[in-house]
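Trainee: Show me how the following folds:
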Amino acid sequence: MKARSIPDTARQGWACLMLLLGLTTTNCLAQQHAEDSLMIRKLFDNALTAGRIGPDLRYLTSRIGPRMSGSDNAQKAVEWGRLKMQEINPDSVYLQEVMVPHWVRGNKEKSFFTRSNRKREVMQVCALGGSVGTNGRLTARVVEVRSWAELAALKDEQVRGKFVFFNRAMDPREIETFNAYLGAVDQRSKGAIEASKRGAVGALVRSLTLPIDTVPHTGAMGYDPKVVKIPAAALSTKSANLLSESLRYDPDLLYSLTMDCRQLPDVKSYNVIGEIKGAVYPGEFITVGGHIDTWDLSEGASDDGTGFVQTLEVLRLIKTSGKRPERSIRAILYMNEEAGADGAIAYARQARLSAETHLAVLESDAGGFTPRGFRIEGSPDIHAIISGWKPLLAPYKIDDIHSGHRGVDLAPMKGLAKALISLDCDDQRLFDIHHSALDTYDRVNIREVELGAASMAVLISLISKYGL
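Mentor: From the prediction side, this is the model:
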């Protein structure tokens, strides 16, 4: 049977129809892009002109100050954070209870070494967070290592009764300083454990910073319940260099350390949560957060005062945008990121118990510096969706999309949230001040912090509108 041919007029009709459909789709996409661009512009304009972040960060750092987990100042920050959220007037603000460790530094550390000629050299040190004290002055010889292989190669008698000095520096060749940090942080986190296994009486760790200066940098360290707890301290980079050089020609020098730190009973504390209910999908959640707690050596302006105030600002930006989000938004101020992420663990535990659906959890904990984009842990489909928004993000220079988040408080949500997302910032200055007395308000550029808050509000708004 011979196939009937389609008349030319019919072909022309089909062609016109397909053209109209294509034009309609193109016009819809163009209109959608224009609407999103306008929304983004409004969010950035609001963040950059409201003038909220500077005063909030100054109050947090100067009126409240260091916010060690379990401390009175940490509780003051909880109450202030709740008050600030209530001023924004979301649909609800509430506290989520969590038990947290309470470690105190005590009297200022004292440290020096004595050469064989009896000349004394004073060291700039600080106890690592969670360390036991020395119970008076602890004096011993020192053995220096720069890798785990070097420690393993030593005989037990070369280590027993001594301080192990971990002197592996951050690699300055790394363009991203965060990678240099990751390449050296293991000696801080488990140095005391590995040294104690070999019979050492203490651990000394080179501060995790690139500058050569006299400022020691603290940070969390761990213990193994099966291994004797020994004191652990961080040396400033200048002190570390001096000790290393002195050991070369005077290997029998004596090192003395006095630390008064101790671990107190756990304390009841709280996460602070503010929530805006979604208009279309209220059972789907997107969170944004930063952590309340800091180390005790500074104001904690960059780590994570900036994330704290950015979280408040994102909540305000969405609340005042003029449109209720399609999905529910939670702003979370987490407690105790620095010494165990107990607040984040408590949040994830409750989310699982409540069988909640989380599309994405975002965090700002990279110092509050100039935002570059986002780091995402999620499926290839989710990466494709977010990468599809690059044309919208590019005018604000936040279109760098990388794999793998860097948020300690995000990790407990792995397997529950579809995407774990970190605000990615320029990190060249981060470890100059990280966990040290230099982390003060004057080291922060408020405009950079405002840009970061707007960036997160934009991504949250896009996820809320289109889903993942």
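Trainee: Now for residue 253, how many residues are close by?
Mentor: By other CB atoms under 10 Å, the residues close to residue 253 number 18. C-beta coordinates here come from the backbone N, C-alpha and C atoms, glycine included.
Trainee: Surely it is in contact with residue 117?
Mentor: No - using CB atoms under 8 Å, residue 253 makes no contact with residue 117, being 9.7 Å away.
Trainee: Which residues are in contact with the closest residue to residue 319 other than its chain neighbours?
Mentor: Nearest non-adjacent residue to residue 319, counting by CB to CB, 6 or more residues apart in numbering: residue 88, 5.4 Å away. Counting by CB atoms under 8 Å, 6 or more residues apart in numbering, residue 88 touches 274, 312, 315-316, 319.
Trainee: which two in these are spaced the farthest apart?
Mentor: Largest separation among these by CB to CB: 312 and 319, giving 10.6 Å.
Trainee: Who has more neighbours out of those two?
Mentor: More neighbours surround residue 312 than the other of residue 312 and residue 319, with 26 against 18 (other CB under 10 Å).
Trainee: And the closest residue to that one other than its chain neighbours, how far from residue 93?
Mentor: Distances taken as CB to CB, 6+ apart place residue 84 nearest to residue 312, at 5.3 Å, with adjacent residues excluded. Using CB to CB, to the nearest Å, we find residue 84 at a distance of 9 Å from residue 93.
Trainee: same question, residue 408
Mentor: Taken as CB to CB, the span from residue 408 to residue 93 is 24 Å.
Trainee: Could you do residue 301 as well?
Mentor: Counting by CB to CB - residue 301 and residue 93 are separated by 24 Å.
Trainee: More neighbours: these two, which one.
Mentor: Neighbour comparison, residue 301 and residue 93: the larger count goes to residue 301, with 27 against 20 (by other CB under 10 Å).
Trainee: Show me the strands in the stretch 251-400 of the chain, by range?
Mentor: 254-258, 262-276, 281-291, 327-334, 357-363, 371-377, 400-403 (DSSP state E, counting those that start in this stretch).
Trainee: Okay, the most centrally placed residue in the chain and residue 406: tell me how far apart.
Mentor: Nearest to the mean C-alpha position of the chain, counting by CA atoms, centre = their mean, stands residue 365 at 2.9 Å. Distance of residue 365 to residue 406, given as CB to CB: 8 Å.
Trainee: Give the intersection of the neighbour lists for the two.
Mentor: With CB under 8 Å, 6+ apart, residue 365 and residue 406 have common neighbours residue 422.
Trainee: Phi and psi next, for residue 62.
Mentor: phi -100, psi -30 (degrees, to the nearest 10).
Trainee: From residue 454, how far off is it?
Mentor: 25 Å.
Trainee: likewise residue 268?
Mentor: Counting by CB to CB, the gap from residue 268 to residue 454 is 35 Å.
Trainee: Of these two, which one has the most company?
Mentor: residue 454 (26 against 10).
Trainee: which residues sit in contact with the closest residue to residue 241 other than its chain neighbours?
Mentor: Leaving aside its sequence neighbours, residue 241 sits nearest to residue 212 (CB to CB, 6+ apart; 6.6 Å). By CB under 8 Å, 6+ apart, residue 212 lies in contact with 237-238, 241.
Trainee: what do you get if the cut-off is 10 Å, keeping everything else the same?
Mentor: 169, 236-238, 240-241 (CB atoms under 10 Å, 6 or more residues apart in numbering).
Trainee: what's the answer for residue 76, then?
Mentor: 60, 63-65, 67.
Trainee: Burial check on residue 352, number of neighbours?
Mentor: Going by other CB under 10 Å, the residues that sit close to residue 352 add up to 14.
Trainee: for the stretch 351-468 of the chain, what spans make up the helices?
Mentor: 380-387, 390-393, 430-433, 446-466 (DSSP state H, counting those that start in this stretch).
Trainee: Return the set of buried residues in the first one.
Mentor: By neighbour count, and taking 16 or more other CB atoms under 10 Å as the criterion, the buried residues in helix 380-387 are 382-383, 385-386.
Trainee: ok, which pair from those residues is furthest apart?
Mentor: Going by CB to CB, the pair spanning the buried residues of helix 380-387 furthest: 383 and 385, at 7.4 Å.
Trainee: Spell out which residues are contacts of both of those two.
Mentor: Shared contacts of residue 383 and residue 385, counting by CB under 10 Å, 6+ apart, come down to 376, 419.
Trainee: re the thing from before, show me what contacts the residue nearest to residue 312?
Mentor: 52, 56, 59-60, 93, 272, 274, 308-309, 311-313, 315-316, 333.
Trainee: From these, pick the one nearest residue 419.
Mentor: Nearest to residue 419 among the contacts of residue 84, with distances taken as CB to CB, is residue 311, at 17.7 Å.
Trainee: which of the strands of the stretch 251-400 of the chain is buried the deepest?
Mentor: strand 327-334 (a mean of 27; mean count of other CB atoms under 10 Å).
Trainee: residue contacts, residue 87?
Mentor: Contacts of residue 87 (CB under 10 Å, 6+ apart): 93, 312, 316.
Trainee: Residue 55 is in contact with the second one, correct?
Mentor: In other words, residue 312. No - assessed by CB atoms under 10 Å, residue 312 is found out of contact with residue 55, at 11.4 Å.
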